[in-house]
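[1] next input, structure requested:
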Amino acid sequence: MQPTMIVTGGSQGIGAAVARMAGARGYAVALTYQSARDRADAVVKEIEAGGGKAMAIQAEMADEASILSLFDTVDRAFGPVTVLVNNAGGPGPVCKIDGITAEALDNVLTVNVRAPFLTTREAVKRMATDNGGKGGAIVNISSRAAEIGGANEWIHYAASKGAVDSLTIGSARELAPRGIRVNAVSPGLIETELHARAGLPDRLARLVGGVPMGRTGSADEVATAVLWLASEEASYITGIIVPISGGR
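    Purely as a prediction, here's the structure:
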């Protein structure tokens with residue numbers, strides 16, 4: 001059977017790079033988007049033009065019912081998920097810790113932490129060998145901010161990615177006997193639109209001097225690691241968090 005990958009937040013940036021690469025490598029790809037339908041459709045068309053199979057699904061990652069509908073839709077279209085990539089998320093507002101609002105904090109934690117818990121739960125129901133599944137792999141998109149801390153900009157985002165790291169380690173140990181590997185990648189300064197959308201278009205140029213390799217990374221470089229962790233080449237690897245940061 002053709003393997004099936006769900007990529008949350010797959011309409012742009014790292015998610016889109018993962019979706020395109022997965023389609024080229026033989027996965028049936030279900031990518032989610034919140035509102036950028038045109039971008040999601042463009043990724044699907046690109047995968048299909050290369051002979052792959054893909055679909056875009058509108059999903060609100062802050063809403064449990066929407067997550068349940070996502071998995072049901074994929075079940076009907078492609079069969080049970082084989083690989084889940086928890087990519088959807090956002091940094092929230094740029095602010096110091098004494099400027100964060102409860103509403104902004106709730107928004108970041110809901111999408112960046114609660115959503116991957118719920119999507120992981122639904123994937124386990126379908127993947128776990130003790131549930132009748134054939135096993136599978138989960139790859140979470142964390143961030144170097146989890147270790148660096150996000151001071152003066154995104155402590156809330158950093159904290160949410162720290163939770164993703166804990167989810168990765170704990171679920172890897174819990175799910176290994178059930179046929180599921182769980183790993184994460186931890187990108188550093190990557191050339192995506194995240195920084196400009198957050199109102200910091202010069203952020204990469206400002207911080208790249210702290211990267212030992214002397215450059216920023218690309219979304220494709222992150223996607224390559226994600227696809228490797230999802231593959232049989234990484235069959236004895238679980239519970240790791242791979243920094244993709246040029247040494248930063």
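[2] now do the contacts for the nearest residue to Tyr27 once chain neighbours are set aside.
    The shortest distance from Tyr27 to any non-neighbouring residue, by Cβ to Cβ, 6 or more residues apart in numbering, is to Met5 (4.3 Å). All C-beta atoms are positioned from the backbone trio N, CA, C, and that covers glycine. By Cβ atoms under 8 Å, 6 or more residues apart in numbering, Met5 lies in contact with 19, 22, 27-30, 81-85, 230.
[3] let's see that with 6 Å instead.
    With contacts defined as Cβ atoms under 6 Å, 6 or more residues apart in numbering, the neighbours of Met5 are 22, 27, 29, 83.
[4] what average pLDDT does the host helix or strand of it get?
    Met5 belongs to strand 4-7 when assigned by DSSP states H and E. For strand 4-7, mean pLDDT rounds to 98.
[5] likewise for stretch 138-152?
    Rounded mean pLDDT across stretch 138-152 is 97.
[6] contacts for stretch 239-248 next, please.
    Contacts for stretch 239-248 (Cβ under 6 Å, 6+ apart): 144, 165, 169, 172, 183-188, 210-213, 222, 225.
[7] report the longest strand in this protein, please.
    If you go by DSSP state E, the chain has its longest strand at strand 180-187.
[8] mean confidence (pLDDT) on that strand, please.
    On average, strand 180-187 scores 98.
[9] same question, stretch 85-98
    95.
[10] now that stretch: buried residues?
    By neighbour count on 16 or more other Cβ atoms under 10 Å, the buried set for stretch 85-98 is 85-94.
[11] over to stretch 220-238?
    Neighbour count says stretch 220-238 has 221-227, 229-230, 234, 238 buried, by 16+ other Cβ under 10 Å.
[12] again, but for stretch 195-207
    195, 198, 200, 203-204.
[13] filter those down to the ones in helices?
    195, 203-204 (DSSP state H).
[14] which one of those is nearest Leu70?
    Leu70 lies nearest to His195 out of these, by Cβ to Cβ, at 27.6 Å.
[15] so the closest one makes contact with Asp202?
    No. Under the criterion of Cβ atoms under 6 Å, His195 makes no contact with Asp202, lying 8.2 Å away.
[16] returning to what we had before: closest one to Ile47 out of the contacts of stretch 239-248, please.
    Out of the contacts of stretch 239-248, the member with the shortest distance to Ile47 (by Cβ to Cβ) is Val222, at 17.8 Å.
[17] which SSE is the closest one in?
    Assigned by DSSP H and E, Val222 falls in helix 219-230.
[18] centre of the chain to that helix, how far?
    Centroid separation for helix 219-230 versus its chain: 11 Å, with Cα atoms, centre = their mean, to the nearest Å.
[19] average pLDDT for it?
    Helix 219-230 comes out at a mean pLDDT of 98.
[20] quick one: strands adjacent to the helix or strand following that helix?
    Along the chain past helix 219-230, the next helix or strand (assigned with DSSP H and E) turns out to be strand 241-244. Strand 241-244 sits in its sheet next to strand 180-187 (parallel), going by DSSP bridges.
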